[in-house]
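**Student:** here is a sequence with its predicted model. Questions after.
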There are 2 protein chains.
Amino acid sequence: MTKSLLIGELSTRTRVNIETIRFYEKQNILPVPARSAAGRRIYDDADVKRLNFIHRCRGLGFSLKEIMSLLSLVDDGNYTCKQIHELTATHAADVKEKIQTLQQMELVLEEMIEHCSKGDVPECPIIDSLFSN
Amino acid sequence: MTKSLLIGELSTRTRVNIETIRFYEKQNILPVPARSAAGRRIYDDADVKRLNFIHRCRGLGFSLKEIMSLLSLVDDGNYTCKQIHELTATHAADVKEKIQTLQQMELVLEEMIEHCSKGDVPECPIIDSLFSN
DNA sequence: CTTGACCTTGTAGTTACTACAGGATACATA
DNA sequence: TATGTATCCTGTAGTAACTACAAGGTCAAG
């Protein structure tokens, strides 16, 4: 049988913020839960599992939209490995692109920093290069 | 003498969106410009220079807050190379951290993708791993 | 029976824009 | 002169994914 939890327990167990859990419900990523007589949200093991899934996906940089796509494939029950692979590969490509952009930034920043005297003087090659042209 | 420009020309010259230019003004990153008799914003070479600076900084991933710090140092006229260096180095460290986070994500994503059959079957190791525990 | 922990809703703030709506102005052409 | 169209104006709302309240209800323990 499945154990029932209040939102605080679900939060502790999944390490997802209470506010975030309510936010996910509003976004239709988490299903509307049962309520106690006093109106409190009641969750079960399936919710723990789903929220952990969402949390892991977020940790891998998937957007909520992408997570919804993954979840609706799973919810419909008729997903194929190929479909999941495609979504994941697309996301992985996005991540790679972001890394490249950031590495380009890093390169320029490091170069600017290198040329810097770092002194208590009112001339700075960083400012000069950014203000040039 | 400095040439005066309307917002559209400033936009073309700096490749910064018109809406973005007005946004920067509202954020006090760009100074309030002069106005024509009909109320149109009038810019000059100093604005071109400043907006180019902002644009480059954005391209290097500086936040508007960071850019404001840089600009106010410059505006006050009493900045030192050391101060600029510090702001830049801090930002560079942020960028490095972001890169590392993304590389971790990439690693996990690639591993998941590798284990994938990519087939038209209803079992997927990606889903399995994300739903496990 | 009160205290404190926990829950509820709803709204506003964050970042850096972007996208309108609805209206005024400027200039060239018919 | 009329008209078209390009440009400008203000102000508001939407985007992503939360986070942070405010103001109030509920529950268990001492």
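**Tutor:** Here it is on my side, so go on.
**Student:** where along chain A do the strands fall?
**Tutor:** A:34-35, A:41-42 (DSSP state E).
**Student:** and of the ones you listed, who's closest to B:T12?
**Tutor:** strand A:41-42 (53.6 Å; Cβ to Cβ). To be clear about C-beta, it is placed using only N, CA and C from the backbone, and glycine gets the same treatment.
**Student:** buried set for the helix-or-strand element of chain A with minimal mean pLDDT?
**Tutor:** Every helix and strand in chain A was compared by mean pLDDT, DSSP states H and E; the lowest is helix A:125-131, with a mean of 93. Neighbour counts over helix A:125-131 (16 or more other Cβ atoms under 10 Å in any protein chain shown) mark A:P125, A:I126, A:I127, A:L130 as buried.
**Student:** just stretch A:17-26 next, same as before
**Tutor:** A:T20, A:I21, A:Y24.
**Student:** swap in stretch A:54-73?
**Tutor:** Neighbour-count burial for stretch A:54-73, counted by 16+ other Cβ under 10 Å, picks out A:54-57, A:60-62, A:64, A:66-68, A:70-71, A:73.
**Student:** now do the nearest residue to A:S69 once chain neighbours are set aside, the pLDDT please.
**Tutor:** Closest residue to A:S69 apart from its sequence neighbours, by Cβ to Cβ, 6 or more residues apart in numbering or on different chains: A:L87 at 6.0 Å. Predicted confidence (pLDDT) at A:L87: the value is 95.
**Student:** and which of the buried residues of stretch A:54-73 is nearest DNA strand C?
**Tutor:** Minimum distance to DNA strand C across the buried residues of stretch A:54-73 is 14.3 Å, recorded for A:L64 (Cβ to the nearest atom of the strand).
**Student:** can you tell me how far the closest one is from B:I84?
**Tutor:** Distance, A:L64 to B:I84, using Cβ to Cβ, to the nearest Å: 38 Å.
**Student:** same check on A:G119?
**Tutor:** In terms of Cβ to Cβ, A:G119 sits 11 Å off from B:I84.
**Student:** and those two? Which one has more around it.
**Tutor:** B:I84 (25 against 12; other Cβ atoms under 10 Å in any protein chain shown).
**Student:** pLDDT value on the more buried one, please?
**Tutor:** pLDDT, B:I84: 95.
**Student:** what's the burial count for the nearest residue to it once chain neighbours are set aside?
**Tutor:** Nearest residue to B:I84, sequence neighbours excluded (Cβ to Cβ, 6+ apart): A:C124, at 4.4 Å. By the criterion of other Cβ under 10 Å, A:C124 has 27 neighbours.
**Student:** distance of A:C124 relative to B:V74?
**Tutor:** 9 Å.
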